[in-house]
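# Predicted coordinates and the sequence they were generated for:
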Amino acid sequence: MQRFASCAAALTLILAAMGGGCVHWSGTSAASGRAAFDAMQKAAAEAGRGVADSLVLVTVQRESPSGATPQMTPGMQAGAAGPRMFTGVILTPEGHILAPELIRPDTTERIEVRVGEEVFAARPLKNDDTIGLTILKIETRTPLKPLRLDDAADLAVGEWGIVLVPSDETTDFEKFTHLVVSRGEVAGRYRRFLVSGLPPTAKGAPVLNLSGKVVGLLNPWGAVSAADLREDIAAFLAQTTGAKSPEEAREKGWLGAYLDPINKELAEARGYPVSGLWISHVAADGPAAKAGVRAGDLVVGFNGKPLRLSGVRARDYFLQTMRPTPGVKFTLELLRDGRKTEVTGEFTKRKDPETLRAEDVGVTVQDVTDSVVFERNLFAREGVMVTQVHQGSPAATGISLGRGLLMPGDVILELAGRPTPNVKEFGRALDGIRRDRSEVVLVKLRRGRMTGFEGLNLKIGERGNGGRS
């Protein structure tokens with residue numbers, strides 16, 4: 001439910017604004033003032049209705065030494081001596097909540113999030129000193145409604161806005177609607193709209209214009225522009241939730257280029273954007289190579305838009321917002337030798353390297369591709385890379401406890417004297433070992449910068465016939 005929070009002073013101010021600065025309490029002027037106030041009240045209620053389900057009440061309280069939890073009594077102000085209460089906004093249906101404070105992931109404080117009348121324990125996942133926010137996570141079986149920040153608006157001086165603030169059981173879980181007016185704007189990395197007169201629990205709440213678009217998020221000094229914050233919040237969320245399962249990763253497309261943030265001092269010295277990303281390596285079999293991207297290029301724009309942020313956050317944001325989908329075209333704006341150039345290409349699905357599970361030897365291997373060489377920092381461009389060593393197998397047996405003769409990351413160059421430049425040739429070498437019924441096999445391998453040999457006793461462990469996977 002929503003309740004419109006107002007007082008006589010606020011009503012007087014509104015009527016004064018509608019009546020040219022002078023308040024009349026009788027006759028036509030009073031009637032028109034009431035009509036104007038009713039219209040604004042309806043507009044505010046309608047605007048707030050769209051975001052009401054995206055707001056939560058967050059309570060952070062310190063556990064007492066005895067283990068008892070401090071309680072807030074009705075009418076008690078949230079402060080240093082008691083629980084801190086503020087508004088959080090829902091970022092994802094899965095329960096990621098944006099909190100307007102820096103809360104360390106290792107905090108011993110108890111954090112609760114009230115969604116409607118339900119209370120959930122929350123844990124802080126990550127905080128960001130730059131934007132002064134923390135992402136919390138609650139576990140809920142019901143999908144939540146995220147707050148939309150992609151259509152943010154500004155608030156002009158003198159323009160009215162509204163703020164919705166959730167509450168607890170002391171006020172029947174109402175969401176109170178407060179009218180605010182912009183008194184100005186403060187410039188900075190994140191613009192700040194000057195509004196005031198709100199309760200402490202409003203911190204973190206969104207400010208809306210009367211069309212229902214989010215203008216900013218409240219902090220003690222005003223409303224920080226949502227238009228300025230949204231991409232940083234998106235990058236922050238991407239950093240927090242960006243880990244994908246191998247299955248998800250295989251379904252995505254890829255760019256086939258590896259990027260490093262530009263050094264800020266170098267960027268300023270050369271007049272380059274601090275958000276630029278160096279191309280440190282281009283996979284020969286990737287879309288970037290086909291588009292004409294070269295190592296040493298500086299990416300400054302993507303699909304017609306300049307890159308944002310700086311440092312590692314610029315790279316993380318770029319990788320998360322790129323959303324490479326097989327078959328979708330892309331455009332990169334580059335600086336090459338100080339000159340701007342554009343290249344276009346098409347995302348493709350990354351090919352999984354061919355693998356083979358060799359029970360005889362006790363390893364699973366895969367082809368060494370150009371991208372694998374770069375990602376794993378390999379010093380061999382031919383051979384098969386060991387991805388897994390099977391427990392109790394010849395490869396897992398070594399002279400020291402817990403250290404096998406072969407290790408993940410080793411690149412096998414020869415097996416029993418037969419070159420193994422790829423999985424196909426490795427399989428043929430295995431077939432030869434089986435035909436010869438060899439009991440000991442010599443493996444030539446590359447481990448880091450070193451090339452060496454290991455002798456494997458094939459009588460150790462269970463023998464199988466291997467197989468492609």
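Noted; the coordinates are in hand. Residues are numbered from 1 along each chain as shown.
# buried sites along stretch 289-305?
Ala289, Ala291, Gly292, Val293, Asp297, Leu298, Val299, Val300, Gly301, Phe302 (16 or more other CB atoms under 10 Å). In short, each C-beta sits where N, CA and C put it, glycine included.
# same question, stretch 365-385
Going by neighbour count (16+ other CB under 10 Å), the buried part of stretch 365-385 is 365-373, 378, 380, 383-385.
# what is the mean pLDDT for that stretch?
For stretch 365-385, mean pLDDT is 81.
# Can you give me the buried ones in the helix or strand hosting Arg435?
If you go by DSSP states H and E, Arg435 is part of helix 423-436. Buried residues in helix 423-436, counted by 16+ other CB under 10 Å: Val423, Glu425, Phe426, Gly427, Ala429, Leu430, Ile433.
# I'd say Leu413 and Phe453 touch.
No: Leu413 is not in contact with Phe453 according to CB atoms under 8 Å; the separation is 9.8 Å.
# what about Phe374, helix or strand, and which?
helix 370-375.
# I misspoke; the intended subject was Leu335.
strand 329-336.
# Pro353 now?
Judged by DSSP H and E, Pro353 forms part of no helix or strand.
# show me what contacts it?
Gln366, Asp367, Val368, Thr369, Val372, Val423 (CB atoms under 8 Å, 6 or more residues apart in numbering).
# Ser167 and Glu439, how far apart?
77 Å (CB to CB, to the nearest Å).
# Could you do Leu255 as well?
From Leu255 over to Glu439 (counting by CB to CB), the distance is 48 Å.
# Likewise for Arg350?
40 Å.
# These two: which has the busier surroundings?
Arg350 (22 against 11; other CB atoms under 10 Å).
# Okay, helices next: where are they in the stretch 101-250 of the chain?
Ranges of helices in the stretch 101-250 of the chain, per DSSP state H, counting those that start in this stretch, are 226-241, 246-251.
# need the contact list for the residue nearest the centre of the chain.
Geometric centre of the chain, nearest residue: Ala238, 1.0 Å, by CA atoms, centre = their mean. Each residue near Ala238 by CB under 8 Å, 6+ apart is listed here: Asp316, Tyr317, Leu319, Gln320, Thr321.
# same check, this time on Lys126
Counted by CB under 8 Å, 6+ apart, Lys126 has contacts Pro105, Thr134, Ile135, Phe236, Gln239, Thr240.
# Just list whatever residues bridge to the third one.
The partner list for Ile135 in beta bridges (DSSP bridges) reads Leu98, Lys126.
# ok, it touching Ala99?
Yes: using CB under 8 Å, Ile135 is in contact with Ala99, at 7.4 Å.
# any common contacting residues for the two?
Pro124.
# Between the contacts of Lys126, which sits nearest Arg308?
Taking CB to CB as the measure, Arg308 lies nearest Phe236 of these, at 12.6 Å.
# With adjacent residues omitted, what lies nearest to that closest one?
Leaving aside its sequence neighbours, Phe236 sits nearest to Asp128 (CB to CB, 6 or more residues apart in numbering; 5.0 Å).
# The closest residue to His281 other than its chain neighbours: how many residues sit nearby?
Among residues not flanking His281 along the chain, Tyr258 sits closest, at 4.3 Å (CB to CB, 6+ apart). Using other CB under 10 Å, Tyr258 has 19 neighbouring residues.
# now Tyr258: how far from Leu319?
10 Å.
# Same check on Val207?
31 Å.
# List of residues touching stretch 102-115?
Stretch 102-115 has contacts (CB under 8 Å, 6+ apart) with 56-63, 69, 88, 97, 119-127, 129, 132-134, 136, 138, 140, 144, 166, 168, 173.
# now do stretch 421-429
353-356, 358, 365-368, 382-384, 412, 414-416, 418-420, 466, 468.
# Please work out which of the helices of the stretch 101-250 of the chain is packed deepest.
Among those, helix 226-241 has the highest mean neighbour count (mean count of other CB atoms under 10 Å), at a mean of 19.
# That one: how far from the chain's middle?
Mean C-alpha position of helix 226-241 versus that of the full chain (CA atoms, centre = their mean, to the nearest Å) differs by 7 Å.
# Phi first, then psi, for Arg270.
With angles defined as degrees, to the nearest 10, Arg270 sits at phi -100, psi 0.
# Kindly state the pLDDT recorded for it?
In this model, Arg270 is scored at 90, pLDDT.
# ok, now which ones touch Thr92?
Thr92 neighbours (CB under 8 Å, 6+ apart): Leu144, Pro146, Leu237, Thr241.
# Format those as JSON lines; extra columns: distance to Gly271 and pLDDT.
Shown next, in JSON lines, are those (distance: CB to CB, whole Å; pLDDT from 0 to 100):
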{"residue": "Leu144", "distance to Gly271": "45", "pLDDT": "90"}
{"residue": "Pro146", "distance to Gly271": "39", "pLDDT": "90"}
{"residue": "Leu237", "distance to Gly271": "32", "pLDDT": "84"}
{"residue": "Thr241", "distance to Gly271": "35", "pLDDT": "76"}
